[in-house]
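K.L.:
starting from these lines, generate the structure:
(2 chains)
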Amino acid sequence: MSGDHGHSHKPFEGHMHDFEAHIKAVEEDLEYYRAKRFEPRIFYLLRRNVVTFPDLLKARVDLKRKNQFFKPRKPEGKNIEARVRYLEEWLDEYVKGIALVSARAVEAMDMVTEDNRKERGDYDDFFKIKKKEHHGTLAERMRNLEQDLKDYQELLEVFVQALIKRGWSTRAELEQRWKQLHEQRPWAGGVIVAKAWTDPEFKHALLATGREALREMGVHQGKVGKLVVVENTDKVHNVIVCTLCSCYPYDILGDTPWWYKHESYRTNIVQNPRACIKDMFGLDIPAGKEVQVYDSTSDIRYFVLPQRPKGTEGMTNEELAKLVTVDSLIGAGYALGPNQLRESERDGFTAEAPRVRPD
Amino acid sequence: MMESTGSKFKIGDAVMVAVENPTGNPRTPKYIRGKRGVIGSVHGILENIRDHRGIHKPLYTVKFDLSEVSTCHDQDSIWVDVHEEWLSEVRQDS
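P.N.:
As a prediction, this is how the structure comes out:
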């Protein structure tokens, strides 16, 4: 339980040595962002005549290389690691691009998140946009991904051009916003948990008041919904899900792993939580613990306060923060034990912190 | 919070989720509709203007036994956020 149980097989977590896992993550996230975040917004705006199909066609025809908002990308090297990184970074640009046009669309049309949820079929399968399936060898899948990224970004590009042309935004305004979108905040998950482990008063405040405690600590507190932190103990193991979409305290903890947004996790975790946690994350929850699954179906965003691993007495907050993984804040893993951290540092497999985008 | 401002249920109350409620907040998942649970927390009315227009009825976190909402019989539980208009009181006198 302390996490000192050596390396377990975790099929859904990829280190950089596992290129297949990285590519799988890009495939899943790319389809998620296209089908759930971008295209539903286009439909919303098309229905309301904010942009029209002819606007998009004209914008494509008029597009010149020098006016392109999104610049073409190139891999920095021919080896597989460089090419995987190139796809990951391109995906990240695509996601930022969606955030860029969404902000404008939201303001122009007084669009709220709930509109997007309806439009993308969270409550009605009729509206769901089909996601693409991926087949073939790793090399074929990487080629396909490159083509998809190119195609999807082109639509995004055309959409940006149409927004400018229709007067919903200006190039200068979008460029300024684009710059802001590249200012990343550091991931605060580790420091929040380390403080809760070492400062009982803070822990009490965090569990009782959520965001308010973060503000007092000087950590960005975000603004979407009420924050509730649920504590793991010897008796209870908490797990977070959003079965309707993929609600999560993004504004504090950054992007989720792709599987958090995936239908298989969202379905199985509320049907058979123990089996799901075991199959997906290789985690055996002891029989003496109750599993409590929190389904974020409304205005509350949850994260798990993991248990402090054994053998960490005397560690500084800075050292403790390194033990905190993204998975452990969802309940899909425990915080790392000191030995696990040493092993992963020695092997060069330390996980990258998630990206935290500006509000 | 705003727990005292007219929330109908309190922690520990046994409740049942409506099967349908066309005018209620749509964010009540199908797998808990018609199921029995117990109020786990009372959140009152939460404003969230980024997410939706208007203000919804008071919100509760309702605890369901896993066996109530799935075919799995582990002694685990599922906690779901449900708005008041979806919930009705369950009498425990039987």
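
K.L.:
which secondary structure element contains the residue lying closest to B:Glu84 once chain neighbours are set aside?
P.N.:
Closest residue to B:Glu84 apart from its sequence neighbours, by CB to CB, 6 or more residues apart in numbering or on different chains: B:Lys57 at 4.1 Å. Using the backbone N, CA and C atoms, a C-beta is placed for each residue, glycine as well. Secondary structure from DSSP states H and E places B:Lys57 outside every helix and strand.

K.L.:
quick check: mean pLDDT of stretch A:239-247?
P.N.:
With pLDDT averaged residue by residue, stretch A:239-247 scores 95.

K.L.:
go on, stretch A:26-42?
P.N.:
pLDDT averaged over stretch A:26-42 gives 95.

K.L.:
how far out from the middle of the chain is that stretch?
P.N.:
Distance of stretch A:26-42 from its chain centroid, counting by CA atoms, centre = their mean, to the nearest Å, is 12 Å.

K.L.:
restrict that stretch to CA atoms and write it as CSV.
P.N.:
Coordinates of the C-alpha atoms in stretch A:26-42 are reproduced here as CSV (Å, rounded to 0.1, in the frame of the first residue of the first chain):
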residue,chain,number,x,y,z
VAL,A,26,-2.0,11.2,-29.2
GLU,A,27,-4.6,9.3,-31.2
GLU,A,28,-7.1,9.3,-28.5
ASP,A,29,-6.6,12.9,-27.5
LEU,A,30,-6.7,14.2,-31.0
GLU,A,31,-10.0,12.5,-31.7
TYR,A,32,-11.3,13.7,-28.4
TYR,A,33,-10.5,17.3,-29.0
ARG,A,34,-11.7,17.3,-32.6
ALA,A,35,-15.1,15.5,-31.8
LYS,A,36,-15.8,17.0,-28.4
ARG,A,37,-14.2,20.4,-28.3
PHE,A,38,-13.8,21.8,-31.8
GLU,A,39,-16.4,20.5,-34.3
PRO,A,40,-19.4,20.9,-31.9
ARG,A,41,-18.5,24.6,-31.7
ILE,A,42,-18.4,24.9,-35.4
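
K.L.:
name the SS class of the residue sitting nearest the centre point of chain B, please.
P.N.:
When CA atoms, centre = their mean is applied to chain B, the residue found nearest the centroid is B:Val82 (3.2 Å). When classified by DSSP: H, G, I helix; E, B strand; the rest coil, B:Val82 comes out as strand.

K.L.:
name the SS class of the residue lying closest to it once chain neighbours are set aside, please.
P.N.:
Using CB to CB, 6+ apart and skipping the chain neighbours, the partner closest in space to B:Val82 is B:Val62 (5.0 Å). Here B:Val62 is recorded as strand under three-state DSSP.

K.L.:
would you agree B:Val62 is in contact with B:Leu87?
P.N.:
Yes - if you go by CB atoms under 8 Å, B:Val62 and B:Leu87 touch, sitting 7.3 Å apart.

K.L.:
higher neighbour count, these two?
P.N.:
Remark: of B:Val62 and B:Leu87, B:Val62 carries more neighbours, 29 against 24, as counted by other CB atoms under 10 Å in any protein chain shown.

K.L.:
may I have the beta-bridge partners of the more buried one?
P.N.:
With DSSP bridges applied, B:Val62 shows beta-bridge pairing to B:Ile39, B:Val80.

K.L.:
one more: A:Val356?
P.N.:
Applying DSSP bridges, one finds that A:Val356 bridges with A:Arg185.

K.L.:
enumerate every residue touching it.
P.N.:
A:184-188, A:220, A:252-255 (CB atoms under 8 Å, 6 or more residues apart in numbering or on different chains).

K.L.:
which of those residues lies closest to A:Arg47?
P.N.:
Nearest to A:Arg47 among the contacts of A:Val356 is A:Asp255, at 28.7 Å by CB to CB.

K.L.:
what secondary structure does the residue lying closest to the closest one once chain neighbours are set aside sit in?
P.N.:
Spatial nearest neighbour of A:Asp255, chain neighbours left out: A:Pro354 (4.7 Å); criterion: CB to CB, 6+ apart. State at A:Pro354, reduced to three classes by three-state DSSP: coil.

K.L.:
what sits against A:Pro354?
P.N.:
Here A:Pro354 is in contact with A:187, A:253-257, A:326 (criterion: CB under 8 Å, 6+ apart).

K.L.:
so who does A:Ala321 touch?
P.N.:
Neighbour list for A:Ala321: A:190-191, A:193-194 [criterion: CB under 8 Å, 6+ apart].

K.L.:
quick one: which of the residues you listed is most hemmed in?
P.N.:
Busiest of the contacts of A:Ala321 [other CB under 10 Å] is A:Val193, holding 27 neighbours.

K.L.:
any idea which helix or strand carries that one?
P.N.:
Here A:Val193 sits within helix A:189-198, counting by DSSP H and E.

K.L.:
return the alpha-carbon coordinates of that helix using CSV.
P.N.:
What follows is helix A:189-198, C-alpha atoms only, in CSV (Å, rounded to 0.1, in the frame of the first residue of the first chain):
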residue,chain,number,x,y,z
GLY,A,189,-0.6,19.0,-7.8
GLY,A,190,2.6,18.0,-6.1
VAL,A,191,3.0,21.0,-3.9
ILE,A,192,-0.6,21.0,-2.8
VAL,A,193,-0.5,17.4,-1.7
ALA,A,194,2.9,17.7,0.0
LYS,A,195,1.6,20.7,2.0
ALA,A,196,-1.5,18.7,3.0
TRP,A,197,0.8,15.8,4.2
THR,A,198,3.0,18.1,6.3
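
K.L.:
close to chain B, is stretch A:207-214?
P.N.:
No - residues of stretch A:207-214 contacting chain B under CB under 8 Å from any CB of the partner chain: none, with a closest distance of 9.4 Å.

K.L.:
wait, B:Trp79 sits on B:Asp65?
P.N.:
No - look at B:Trp79 against B:Asp65 with CB under 8 Å: they stay out of range, at 11.0 Å.

K.L.:
among these two, which residue is more densely surrounded?
P.N.:
Taking other CB under 10 Å, B:Trp79 and B:Asp65 do not tie; B:Trp79 has more neighbours (22 against 17).

K.L.:
can you count the residues close to the nearest residue to that one once chain neighbours are set aside?
P.N.:
Nearest residue to B:Trp79 in three dimensions, chain neighbours excluded: A:Tyr294, at 4.9 Å (CB to CB, 6+ apart). The tally of other residues near A:Tyr294 (other CB under 10 Å) stands at 25.

K.L.:
again with B:His56
P.N.:
That count, for B:His56 with other CB under 10 Å as the rule, works out to 19.

K.L.:
for A:Val95, same thing?
P.N.:
Neighbour count for A:Val95, taken as other CB under 10 Å: 20.

K.L.:
now it: how far from chain B?
P.N.:
Distance of A:Val95 to chain B, given as CB to the nearest CB, to the nearest Å: 19 Å.

K.L.:
around chain B, which positions in chain A sit nearby?
P.N.:
So far as CB under 8 Å from any CB goes, chain A lies against chain B at A:112-114, A:118, A:123, A:223-226, A:228, A:243-244, A:270-275, A:290-300.
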